[in-house]
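> Generate coordinates for the sequence data below:
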Amino acid sequence: MAEENDEEGVFAAQRITIGVCVMEKKVKCGYELFSGPMEQILQRLQAFGEFEVVHFGDKVILEEPIESWPVCDCLIAFHSSGYPLEKAEAYAALRKPFLVNELEPQHLLHDRRKVYEHLEKFGIHVPRYALVNREVPYQHLDYFIEEEDFVEVHGMRFWKPFVEKPIDGDNHSIMIYYPSSAGGGMKELFRKVGNRSSEFHPEVRRVRREGSYIYEEFMPTGGTDVKVYTVGPEYAHAEARKSPVVDGVVMRNTDGKEVRYPVLLTPAEKEMAREVCIAFRQAVCGFDLLRCEGRSYVCDVNGWSFVKNSHKYYDDAACVLRKMFFDAKAPHLSSAIPPTLPWKVNEPVQPSEGLTRQGSGIVGTFGQSEELRCVIAVIRHGDRTPKQKVKLKVTEEKLLNLMLKYNGGRPRAETKLKSAVQLQDLLDATRMLVPRTRPDRESDSEAEVEHAEKLRQVKAVLEEGGHFSGIYRKVQLKPLKWIKVAKSNGEGAEERPVEALMVLKYGGVLTHAGRKQAEELGRYFRNNMYPGEGTGLLRLHSTYRHDLKIYSSDEGRVQMSAAAFAKGLLDLEGQLTPILVSLVSKDSSMLDGLDNASIEMEEAKARLNEIITSSSKTIHNNESPEFSWMVDGAGLPPNASELLPKLVSLIKKVTEQVRLLATDEDEKLAEKSLYDVIPPYDQAKALGKTNIDVDRIAAGLPCGSEGFLLMYARWKKLERDLYNERKERFDITQIPDVYDSCKYDLLHNAHLNLEGLDELFKVAQTLADGVIPNEYGINPKQKLKIGSEIARRLLGKILIDLRNTREEAISVAELKSNQDHDSSSVKTVKEDTDTKLKLLNKNDEIRKSNTLNDISMDQDDDDDKETKYRLDPKYANVKTPERHVRTRLYFTSESHIHSLMNVLRYCNLDESLLDEESLVCYNALERLYRTKELDYMSYIVLRMFENTEVALEDPKRFRIELTFSRGADLSPLEKNDSEAAWLHQEHTLPIMGPERLQEILSYLTLEKMEMMIRPFAMPAEDFPPPATPAGFSGYFSKSVLERLVNLWPFHKHANSNGK
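Numbering: from 1, shown residues only. Sure thing, here's the model as predicted:
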């Protein structure tokens, strides 16, 4: 018995004392429970039986002298609110315990300037930034300049969106300012309050001036943040969470905890974690990582931080700290991990972290052996207002001076006015030129009256809604005539413009219905395009295994459609502007413009005009066409030439009714001078609005912000442009615009009860159904030529997407096959979670072998300039850890949808492919011929599946499924559709479901798809080469197997041992 007591005494004497010198709010003392993570880790350390934990407590820390503090071997001490850091430093100097986190560097963490300087000193990447230091609030600084869309600090310019951070590290009020082109406004990020972590302020445009701030470049991270937690320089745990930048709503699980997912760091990121740990001498340290454009940046260092709700992390952290304590205070004792960790026997089962909004999770709904690998969708924007254009020649000095002001004073240079400041200048000038009463004097010529009308229209457009947005309104001023005038200093002469062409483009704005349509389609994709009944996609995305990229053209309606779609797809909340900036990439060269096919389209329109006006329905290319769609002008009504005069007559009837409404409105405006002072308008709310303006409709006004004057200008222009009475000539290119205006007013302004509008719509629709498809080619061969020229870049990008998906899937399959036959020693490292913390051991072999897990999971293709991130599947509650889906969404306009569809259905007409069958089956070709319009939110989807039971080299390993939707292709006059009738009250038309472009049992291989599309696509080598930054993407420019050879030192080490 005595011997046993002696042994216990000896063992107790050998125990290492751990002092916990932190505020009680961080750790509760005595018999009370500790805070979660600290409790979990300390309990595990004590379970080894090798440590004694001593809690100092607030009374000791705050009131007693350091000489009275408990003596310990190792000290856990970190700063929090009210903590006497200097006192703790004095204690450490007196007793000299081993410090887990050194105390002196903790002062740095309270000043963001010093944090960034320290990171840079150690060569750790930070976002591009600049400092604004004020000694007193609102101090004027010569080196700081603020303009509408940028700030400039010491000559360094930061364009919006940019980030503004207080220099005080304890002040978490961080602002993001958005550009006027995206709607403007500011989003404030803050520490979580309830379910919110940010708030959007649409009215705030100017930055703060009451203190000192860091300004830094906004880094688009795809809507997800990464938080990294180190425990010593050799261990880092990383978690993903939804970024507060996106919608500010905190995603919580059923226990009310914020949902986060473990992710694997790349080798370069692990090195960054090690450097942060060493640079700040904080063994336990949390920091924020931004992954952007193939590179990682550290944007904040928090100091002492533990992961919440991760049992795997608690195991790892306890074992790492144990080894750390032994190395410091008992290096003679073995720090080897016991075969079974002492707390494993009674360890509680780790709770599930299922999303509240999620159902059954990911399930294989596409067959046992088939996995969805890629979803590519090309989508037209949602419902919009009619596009408008006003052209007028101006000679007024105020307008000419304005042009010179914004073109740098160059008399022959044109200028574009898009910003709010520029448009306000133009509005001020126009107001002074437009009389309050109508210029009805008989002495005015017709040209003068028309000029005054157009100026009034410009003024009304600029005043519309009381706000400006570069997305929606653009003005071009182009000099036409010049004179020589003497210079002001009398030295010689200079040119001065005396006449310019003003072109105002406006309209084409995404309506409340368009936003609703796009968001609803996003939800439909979430629930129907991916396995898991909608919940699977959310988990894939949150865990970085959903590789999502959203592209948009430069048009505002397209960008906002993309943002609203993303909102529905990813179940986001809040305004569209932050979503747009965070998730949508503009690519105008791929998704904008018709320049490449302008000549061919003009030829098609000329031929179309000839067919319609000559009353010769069609002219066959051959004597007996096999299919109805093979003739010139297929789809045109046989009586098109007879319908044109009827169209003109009906337009005049509608225009006259709107003119009377506009006259009444104009008289009221002239009396009340309503536009003398324009109230501020909440533009960002308008951008996010999804409901009709009930008050305006109840007052008998047009829907949206269009007044009767602009509505009249819209119809009057169509009347003038469709038929030139003096020349007695029809312009058939105006037919789509007439149809556009009819449909818009039937849907949004039905309450105005314009007589004859429904009849006008029927005639316009009959003509437009024939004209619109034929504008992109008068016959299939011309359609193919025009389509390939317009969509060439987009087709090339789609082939790159499919190729990258295939290469990645094959690499993963090969790697998985190799691992299945690998040595048992490697399997042990990969599978034995009980000994997971061998990765912390400084033994080279063990640590390097873990690099394999990173490399195999972190795959990047530089060809696409995009980086993919992977989840650590063991701890993510994902049923199919090998599932990884690439999604590419391309938002564009009608021209690209028609062009892509024409290439898909007619590609076999190319001389090199004449022996091949079309990608589109006969039944689908017939349906497409009868489908006259690819309406708002129409889309084409390519889904790629991998059959994992087929050999890698077998063409049937990968198949392509093609579907399309006609979009919101339902007549606003439809009365028999109950859903449509209900939606009509909300000014919204339903989106048609997808239709197959192949027979049900057909099998389109990826190989066949590539062969048929390649002749019309931009070659991969013609795409601009991506810049390979010095970040982690530099590792990933080759195939997975090549990377394994180059980056897996354990493999080389094993070989050397074999020798």
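
> Could you chop this structure up by domain?
Domain ranges of the chain: 11-99+307-337, 128-218, 370-380+533-580+789-821+849-1040, 387-507, 634-768, per automatic domain parsing.

> Would you mind finding the most buried of those?
Compared across the domains of the chain, domain 370-380+533-580+789-821+849-1040 shows the largest average neighbour count, a mean of 20 (mean count of other C-beta atoms under 10 Å). C-betas here are computed from N, CA, C, even on glycine.

> can you give me the offset of that one from its chain's centre?
Here domain 370-380+533-580+789-821+849-1040 is found 16 Å from its chain centre; the criterion is C-alpha atoms, centre = their mean, to the nearest Å.

> Then stretch 452-461?
37 Å.

> pLDDT on it, on average?
The average pLDDT within stretch 452-461 is 86.

> For Ile379, give me its contacts.
Going by C-beta atoms under 8 Å, 6 or more residues apart in numbering, Ile379 touches 521, 561, 565, 889-892, 937-939.

> Beta-bridge partners for it, please?
Counting by DSSP bridges, Ile379 is bridged to Phe891, Tyr939.

> which one of the domains of the chain lies closest to Gly514?
Gly514 lies closest to domain 370-380+533-580+789-821+849-1040 among these, at 6.4 Å (C-beta to C-beta).

> quick one: which of the domains of the chain has the weakest pLDDT on average?
What stands lowest among the domains of the chain, in mean pLDDT terms, is domain 370-380+533-580+789-821+849-1040, with a mean of 77.

> for the chain, longest helix please?
In the chain, assigned by DSSP state H, the helix with the most residues is helix 640-672.

> So Glu494 sits against Ile483, correct?
No: contact criterion C-beta atoms under 8 Å: Glu494 and Ile483 do not qualify, at 10.0 Å.

> and the gap between the residue lying closest to Asp592 once chain neighbours are set aside and Leu62?
Spatial nearest neighbour of Asp592, chain neighbours left out: Ser553 (4.3 Å); criterion: C-beta to C-beta, 6 or more residues apart in numbering. Per C-beta to C-beta, to the nearest Å, Ser553 is found 61 Å from Leu62.

> The domains of the chain into JSON lines, with extra columns for distance to Leu608?
Below are these laid out as JSON lines (distance: least, C-beta to C-beta, whole Å):
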{"stretch": "domain 11-99+307-337", "distance to Leu608": "65"}
{"stretch": "domain 128-218", "distance to Leu608": "36"}
{"stretch": "domain 370-380+533-580+789-821+849-1040", "distance to Leu608": "14"}
{"stretch": "domain 387-507", "distance to Leu608": "20"}
{"stretch": "domain 634-768", "distance to Leu608": "6"}
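
> Asn609 is nearest to which of these?
Asn609 lies closest, by C-beta to C-beta, to one member of the domains of the chain: domain 634-768, at 5.1 Å.

> Could I get the contacting residues of Val818?
If you look again at residue 818, you'll see it is Asn, not Val. No residues are in contact with Asn818 under the rule C-beta under 8 Å, 6+ apart.

> so when I look at Lys227, I'm seeing a helix, right?
No: applying DSSP: H, G, I helix; E, B strand; the rest coil, one finds Lys227 to be strand, outside a helix.

> who's it bridged to?
Beta-bridge pairing for Lys227 (DSSP bridges): Glu239, Asp288.

> for the record, mean pLDDT for stretch 610-624?
Stretch 610-624 shows a mean pLDDT of 58.

> cool, stretch 100-120 as well?
Mean pLDDT, stretch 100-120: 95.

> Just the endpoints, please. Distance across that stretch?
Stretch 100-120 has an end-to-end distance of 24 Å (C-alpha to C-alpha, to the nearest Å).

> for it, which positions count as buried?
Buried residues in stretch 100-120, defined by neighbour count with 16 or more other C-beta atoms under 10 Å: 100-101, 103, 106, 108-113, 115-116, 118-119.

> With secondary structure and distance to Gly490 as added columns, please give those residues in CSV.
Shown next, in CSV, are these (DSSP: H, G, I helix; E, B strand; the rest coil; distance: C-beta to C-beta, whole Å):
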residue, secondary structure, distance to Gly490
Val100, coil, 79
Asn101, strand, 74
Leu103, coil, 74
Gln106, helix, 69
Leu108, helix, 63
Leu109, helix, 65
His110, helix, 63
Asp111, strand, 58
Arg112, helix, 56
Arg113, helix, 54
Val115, helix, 59
Tyr116, helix, 55
His118, helix, 60
Leu119, helix, 59
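
> and which of those is nearest to Lys187?
For these, the nearest to Lys187 is Arg112 (18.6 Å; C-beta to C-beta).

> residues contacting the closest one?
Listed by C-beta under 8 Å, 6+ apart, the contact set of Arg112 reads 165-169, 214, 300.

> nearest spatial neighbour of Ile145, skipping sequence neighbours?
Spatial nearest neighbour of Ile145, chain neighbours left out: Glu152 (4.1 Å); criterion: C-beta to C-beta, 6+ apart.

> Grab the CA positions of the helix or strand in which Leu372 is found and hand them over as CSV.
Leu372 belongs to strand 370-380 when assigned by DSSP states H and E. Provided in CSV are the C-alpha atoms of strand 370-380 (Å, rounded to 0.1, in the frame of the first residue of the first chain):
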residue,chain,number,x,y,z
GLU,A,370,-23.8,7.5,-62.8
GLU,A,371,-22.7,10.7,-61.2
LEU,A,372,-23.5,14.3,-62.3
ARG,A,373,-20.3,16.0,-63.0
CYS,A,374,-21.1,19.3,-64.7
VAL,A,375,-24.1,21.7,-65.3
ILE,A,376,-23.6,24.3,-68.0
ALA,A,377,-26.5,26.7,-68.6
VAL,A,378,-26.9,29.6,-71.0
ILE,A,379,-29.8,31.8,-69.7
ARG,A,380,-31.5,34.8,-71.2
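
> and the next element down the chain from it?
strand 387-394.

> what lines up beside that next one in the sheet?
Using DSSP bridges, strand 387-394 pairs in its sheet with strand 493-507 (antiparallel).

> downstream neighbour of the partner strand in the secondary structure list?
Per DSSP H and E, the helix or strand that comes after strand 493-507 is helix 512-528.

> Now do the buried residues in that next one.
Going by neighbour count (16+ other C-beta under 10 Å), the buried part of helix 512-528 is 512-527.

> Go through the residues you listed and name the one nearest Phe708.
Of all these, Phe708 sits closest to His512, with 19.8 Å by C-beta to C-beta.

> Quick check, that closest one in contact with His987.
Yes: in this structure His512 lies within contact range of His987 using C-beta under 8 Å: 7.1 Å.

> what helix or strand does His896 sit in?
Using DSSP H and E, His896 sits within helix 894-906.

> packing partners for that helix?
Contacts defined by 3 or more C-beta pairs under 8 Å, 6 or more residues apart in numbering; DSSP states H and E place helix 894-906 against strand 370-380, helix 757-775, helix 780-790, helix 792-820, helix 922-930, strand 939-947.
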